[in-house]
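# no FASTA, just this:
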Ligand code: BTN
């Protein structure tokens, strides 16, 4: 990894900082912060980001071609996070489609991929990862879903710098492979980490619900659910998956 890495104290959001810092716009260029004052989650949610309590990092990647080549990008990032946790401490995390990282049934990390412009036929991607390490209970009590951190799960302190460098290595490596070969080389592995593999799930898509058994993903990153009407593929958007 020979791209620039910038360490920040407090920022609004590492994704926003990365977007606005052209010196980091090289494949693998990234920034990490100790705290974020306006950390962002998916679907317009906040990402509570107390000082020193988590990893807050963003990595840049430019892909040739339009958005259509990027189906599944965020799923590959999930695979990179799971691999990094395994390599770092033998931790077996799981993935909840499209890109939440779970440990022992609770959310450990979140991924926010933002994609911009293609004037020059390049899709500029800002890939953000927030991974809970040792969260104070106070601000974190505002989090509206079951969550955990590595300290709680491992029962001991975690070397944050070492975890950060392991994660950056895995992100960089998998992004290279994804740029060359797309999602196909990762399908089986994603499935092996799938929190809901072969379980009954309910898909909430606007006013409609679909129930079925979760069968993994296709090569465009859509979630496959076997319903009474056969196999259905669910693409992004506002869909959410729940245990049935
Ligand atoms: C989610 O699960 O909703 C995604 C959360 C992503 C949070 C990370 S923290 C680093 C980067 N900067 C942000 O503002 N968000 C992402």
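Yep, that arrived. These numbers come from a predicted model, not from an experiment. Residues are numbered from 1 along each chain as shown.
# quick one: neighbours of the nearest residue to residue 136 once chain neighbours are set aside, just the number.
Counting by Cβ to Cβ, 6 or more residues apart in numbering, residue 50 is the residue found nearest to residue 136 once chain neighbours are left out, at 5.6 Å. Quick note: C-beta positions are derived from backbone N, CA and C, even for glycine. Residue 50: 16 surrounding residues under other Cβ atoms under 10 Å.
# how about residue 50, phi and psi?
Backbone torsions for residue 50, taken as degrees, to the nearest 10, come to phi -60, psi 160.
# can stretch 226-238 be found next to the ligand?
No: judged by Cβ under 6 Å from any ligand atom, stretch 226-238 stays clear of the ligand, getting no closer than 13.3 Å.
# which residues touch that stretch?
Stretch 226-238 has contacts (Cβ atoms under 8 Å, 6 or more residues apart in numbering) with 43, 71, 98, 203, 205-206, 210-213, 215, 218, 220-225.
# buried ones among those?
Among those, those that count as buried by neighbour count (16 or more other Cβ atoms under 10 Å) are 71, 98, 203, 210, 212-213, 215, 218, 221-225.
# and the two most separated of the residues you listed?
71 and 213 (22.6 Å; Cβ to Cβ).
# mind checking the SS state of whatever residue of the chain ends up closest to the ligand?
Of all residues in the chain, residue 110 sits closest to the ligand, at 2.2 Å by Cβ to the nearest ligand atom. Following DSSP: H, G, I helix; E, B strand; the rest coil, we place residue 110 in the strand state.
# bridge partners for it, pull those for me.
Beta-bridge pairing of residue 110 under DSSP bridges involves residue 100, residue 130.
# report how many residues lie close to residue 90.
8.
# dump the residue contacts of the closest residue to residue 193 other than its chain neighbours.
Nearest-residue entry for residue 193: residue 95, 4.6 Å, with adjacent residues in sequence omitted and distances by Cβ to Cβ, 6+ apart. Counting by Cβ under 8 Å, 6+ apart, residue 95 makes contact with 75, 78-79, 82, 101-102, 190, 193-195.
# let's see 10 Å
Counting by Cβ atoms under 10 Å, 6 or more residues apart in numbering, residue 95 touches 75, 77-79, 81-82, 101-102, 109, 111, 189-197, 217.
# for this protein, what lies in contact range of the ligand?
By the rule Cβ under 6 Å from any ligand atom, the part of the chain lying against the ligand is 13-15, 36, 39-42, 45, 47, 56-58, 100, 110-112, 128-130.
# circling back to that earlier point, tell me the secondary structure at the residue nearest to residue 193.
Quick answer, by three-state DSSP: residue 95 is strand.
# from residue 112, how far out is it?
From residue 95 over to residue 112 the distance is 15 Å, taken as Cβ to Cβ, to the nearest Å.
# the helices in this structure, which residues?
14-19, 73-89, 137-140, 150-154, 160-181, 187-193 (DSSP state H).
# settle this for me: residue 76 is touching residue 193, isn't it.
No: look at residue 76 against residue 193 with Cβ atoms under 10 Å: they stay out of range, at 11.8 Å.
# neighbour count: those two, which is higher?
Using other Cβ under 10 Å, the more surrounded residue of residue 76 and residue 193 is residue 76, with 27 against 22.
# residues touching the nearest residue to the more buried one once chain neighbours are set aside, list them.
Nearest residue to residue 76, sequence neighbours excluded (Cβ to Cβ, 6+ apart): residue 178, at 4.7 Å. With contact taken as Cβ under 10 Å, 6+ apart, residue 178 is in contact with 61, 63, 69-70, 72-73, 75-77, 79-80, 184-186.
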